[in-house]
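K.L.:
Using only what follows, build the 3D model:
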Amino acid sequence: MVSFSHHDPGTPEHEWAAAGTGNLPTLAPGVVPGAGERLVVVAAHPDDESLGAAGLVRAALQEGATVHVVVCTAGEASHPDSPTHTPQQLAALRMAELDVALGLLRDAAPEPTALSWEHLGLPDGGLADHWDVLEAALDGALDAPRRGDDPHSTATRSVLAAPYRLDGHTDHDTAGACAARVAARRHIGLLEFPIWYWHWALPRQREWTGWQTLPLDALAQEAKQAILGAHRSQTAALSAAPGDEVLLGAGFLAHFDRPVETFAWTPPTPRDSTSAAAVFDRLYRRKPDPWDYQGSSYERRKRAITLASLPRGHYGDAVEAGCSIGVLTAELASRCSRLLGIDASHVALAAARTRLEGAGNVSLLRAELPARWPDIPGNSLDLVVLSEIGYFLGRTELQDLLHAVARALAPGGDLLLCHWLHPIEGWELDGAQVHTMARELGWKNIVHHREEDFVLDILRSPGGTDG
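P.N.:
Model prediction:
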């Protein structure tokens, strides 16, 4: 932990400028969330979001994103020696200032309801003892329904923004480290904004040279200064009495009068099977039928095409990988002697069990594929269905799954693949890539059907009477 005080003179802004903070690369297009996407901002104290990310929030709102600010503490310990304000009074004052600051940001949004915020009520200076509360709050904010959700995607893109995890203030470090863990676990991008770092660090500490910037035009700079001005308890003295001195002086605020905001950007890591269970359990808890399998005319038609494409009227042993809540499973069951449905989600399988109760030829298995591909004898399956599952695996995992399927299918057995053709945010593969990889098996492609939204292929294992 860095030892510093706001009373210290700190590193002057002109030294940072001379070192080249104005020459850092800009964030790539698409990093700032836009229409239908979400930005969740973590503030350890009221004013962190304004100092480090007011321009980011404003830009996301103007791009049509939904923004939610999670404020951890009320900042009641900012003036511990104040003779005029108790911690309770400071908390009330700072929360009122936060409301004004966020109101100014809300006024800049095309839709004022796009900006929301919550206060966790955690103790100022004690955030490290409440990591679990903050982590749960971030998960809740990221799981909440949002405008523009794509019914065919597991999640509209989200980005987390939080104080730099090595900012030097215990609450900032905790907020940043917690956000980093949540972002890594959920495979979403993280923007860390330094605040006290500019005060205590020196330009020769080179970590900042790998950071990136968000340019602020003249209107954005003016808006940010107005927003910072709302936090008067921090930018001006509470009174002339000792203990009520200004906390964020002119020298410190000069770091936040730049024509850019600066971030340490960690891109999202692609999801794979190891994250599937948690991702889909959250999805199904939020919405029991997230793709509207039962009500969507598109889904009904796609199932009809899937069933009509099967070249045989009846199959012996079959596996459906990614059976979800069992809607397609129920229809496949009438075409198979024995059918095993597999899914990674506990929640989805519970719904499938209810739907398939009484179907004596169907069994269900919860497993992450390919690591827990069941112990199926080689050359024993007549049909394997991979519908809307391939792009929820990493590239190597899909290769492993295809090889497991190849070992399990009998000569002349059929592999049916059906996948959505639009981008799948947060995952390595898309539908077209999945089908290209499957065709690398070198099997005869006996059915190929492609539309604007999905592609369906049936590949036949070699060696059968018609294979």
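K.L.:
Stretch 6-15 spans what distance, first to last residue?
P.N.:
Start-to-end span of stretch 6-15 (C-alpha to C-alpha, to the nearest Å) is 18 Å.
K.L.:
Stretch 227-242 - what's its average pLDDT?
P.N.:
For stretch 227-242, the mean per-residue pLDDT is 96.
K.L.:
measure it end to end?
P.N.:
Span of stretch 227-242 from end to end, C-alpha to C-alpha: 27 Å.
K.L.:
and if you look at stretch 310-325?
P.N.:
End-to-end distance of stretch 310-325 (C-alpha to C-alpha): 21 Å.
K.L.:
and if you look at stretch 9-22?
P.N.:
Stretch 9-22 end-to-end distance (C-alpha to C-alpha) = 22 Å.
K.L.:
in it, what's buried?
P.N.:
Neighbour counts over stretch 9-22 (16 or more other C-beta atoms under 10 Å) mark 10, 11, 13, 16, 19, 21 as buried. The C-beta positions use only the backbone N, C-alpha and C, and glycine is treated the same way.
K.L.:
Can you name the residues in contact with stretch 444-457?
P.N.:
152, 298, 302, 305-306, 309, 311, 414, 416-422, 431-432, 435, 438-439, 458-460, 462, 467 (C-beta atoms under 8 Å, 6 or more residues apart in numbering).
K.L.:
ok, 7 Å please
P.N.:
302, 305-306, 309, 311, 417-421, 431-432, 435, 438-439, 458-460, 467 (C-beta atoms under 7 Å, 6 or more residues apart in numbering).
K.L.:
Among the residues you listed, which are located in strands?
P.N.:
Of the contacts of stretch 444-457, the ones assigned to strands by DSSP state E are 417, 418, 419, 420, 458, 459, 460.
K.L.:
So, low pLDDT: which residues of this structure?
P.N.:
1-3, 146-156, 425-426, 465-467 (pLDDT under 70).
K.L.:
about what we covered before: what subset of the contacts of stretch 444-457 is buried?
P.N.:
The buried subset of these - by 16+ other C-beta under 10 Å - is 302, 306, 309, 417-421, 431, 435, 438, 458-460.
K.L.:
Could you dump these into JSON lines with distance to residue 377 added?
P.N.:
Formatted as JSON lines, the buried ones among the contacts of stretch 444-457 follow (distance: C-beta to C-beta, whole Å):
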{"residue": "302", "distance to residue 377": "32"}
{"residue": "306", "distance to residue 377": "26"}
{"residue": "309", "distance to residue 377": "27"}
{"residue": "417", "distance to residue 377": "23"}
{"residue": "418", "distance to residue 377": "26"}
{"residue": "419", "distance to residue 377": "28"}
{"residue": "420", "distance to residue 377": "32"}
{"residue": "421", "distance to residue 377": "35"}
{"residue": "431", "distance to residue 377": "30"}
{"residue": "435", "distance to residue 377": "27"}
{"residue": "438", "distance to residue 377": "22"}
{"residue": "458", "distance to residue 377": "23"}
{"residue": "459", "distance to residue 377": "21"}
{"residue": "460", "distance to residue 377": "20"}
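K.L.:
Out of the residues you listed, which is nearest to residue 89?
P.N.:
Among those, residue 420 lies closest to residue 89 (C-beta to C-beta), at 55.1 Å.
K.L.:
Show me the beta-bridge partners of the closest one.
P.N.:
Applying DSSP bridges to residue 420 gives these bridge partners: residue 454.
K.L.:
State the number of residues packed around the residue lying closest to residue 213 once chain neighbours are set aside.
P.N.:
Excluding the flanking residues, the one nearest residue 213 by C-beta to C-beta, 6 or more residues apart in numbering is residue 260, at 3.9 Å. Residue 260 is flanked by 18 other residues according to other C-beta atoms under 10 Å.
K.L.:
hang on, the earlier thing: which single one of the buried residues of stretch 9-22 is nearest to residue 377?
P.N.:
residue 21 (63.8 Å).
K.L.:
Next one: residue 259 from residue 446, what distance?
P.N.:
Using C-beta to C-beta, to the nearest Å, residue 259 is found at 61 Å from residue 446.
K.L.:
now do residue 368
P.N.:
30 Å.
K.L.:
So for the two, which sits in the more crowded spot?
P.N.:
The residue with more neighbours, out of residue 368 and residue 446, is residue 368; 18 against 14, by other C-beta under 10 Å.
K.L.:
any idea how far that one lies from residue 295?
P.N.:
Residue 368 is 29 Å from residue 295, by C-beta to C-beta.
K.L.:
now do residue 86
P.N.:
Taking C-beta to C-beta, one finds residue 86 at 56 Å from residue 295.
K.L.:
just residue 261 next, same as before
P.N.:
In this view, residue 261 and residue 295 are 44 Å apart by C-beta to C-beta.
K.L.:
ok, these two, which is more surrounded?
P.N.:
residue 261 (27 against 9).
K.L.:
On the secondary structure side, give me the element for residue 406.
P.N.:
helix 395-408 (DSSP states H and E).
K.L.:
who does that helix touch, helix- and strand-wise?
P.N.:
helix 431-439 (3 or more C-beta pairs under 7 Å, 6 or more residues apart in numbering; DSSP states H and E).
K.L.:
got the buried residues for stretch 405-415?
P.N.:
By 16+ other C-beta under 10 Å, the buried positions in stretch 405-415 come out as 405, 406, 408, 409, 410, 412, 413, 414, 415.
K.L.:
between those residues, which is nearest residue 284?
P.N.:
For the buried residues of stretch 405-415, the nearest to residue 284 is residue 405 (25.1 Å; C-beta to C-beta).
K.L.:
Just grab the bridge partners of the nearest residue to that closest one once chain neighbours are set aside for me.
P.N.:
Nearest residue to residue 405, sequence neighbours excluded (C-beta to C-beta, 6+ apart): residue 384, at 4.9 Å. With beta bridges defined as DSSP bridges, residue 384 has these partners: residue 319, residue 415.
K.L.:
burial count for residue 384?
P.N.:
Neighbours around residue 384, by other C-beta under 10 Å: 27.
K.L.:
ok, now which ones touch it?
P.N.:
Contacts of residue 384 (C-beta under 7 Å, 6+ apart): 318, 319, 321, 405, 409, 415.
K.L.:
what's the answer for residue 58, then?
P.N.:
Residue 58 makes contacts with 105, 108, 220, 223, as judged by C-beta under 7 Å, 6+ apart.
K.L.:
Once you drop chain neighbours, what's closest to the third one?
P.N.:
The reference is to residue 220. residue 55 (5.2 Å).
K.L.:
can you tell me how far the closest residue to residue 193 other than its chain neighbours sits from residue 176?
P.N.:
Among residues not flanking residue 193 along the chain, residue 52 sits closest, at 3.1 Å (C-beta to C-beta, 6+ apart). Going from residue 52 to residue 176 by C-beta to C-beta gives 11 Å.
K.L.:
overlap in contacts of the two?
P.N.:
In contact with both residue 52 and residue 176: residue 163, using C-beta under 7 Å, 6+ apart.
K.L.:
between these two, who's got more neighbours?
P.N.:
Using other C-beta under 10 Å as the criterion, residue 52 and residue 176 rank with residue 52 on top: 28 against 25.
K.L.:
show me what contacts the more buried one?
P.N.:
Counted by C-beta under 7 Å, 6+ apart, residue 52 has contacts 163, 193, 195, 261.
K.L.:
Just the closest of those residues to residue 227, please.
P.N.:
residue 261 (12.1 Å).
K.L.:
Before I go, just wanted to say thanks for your time.
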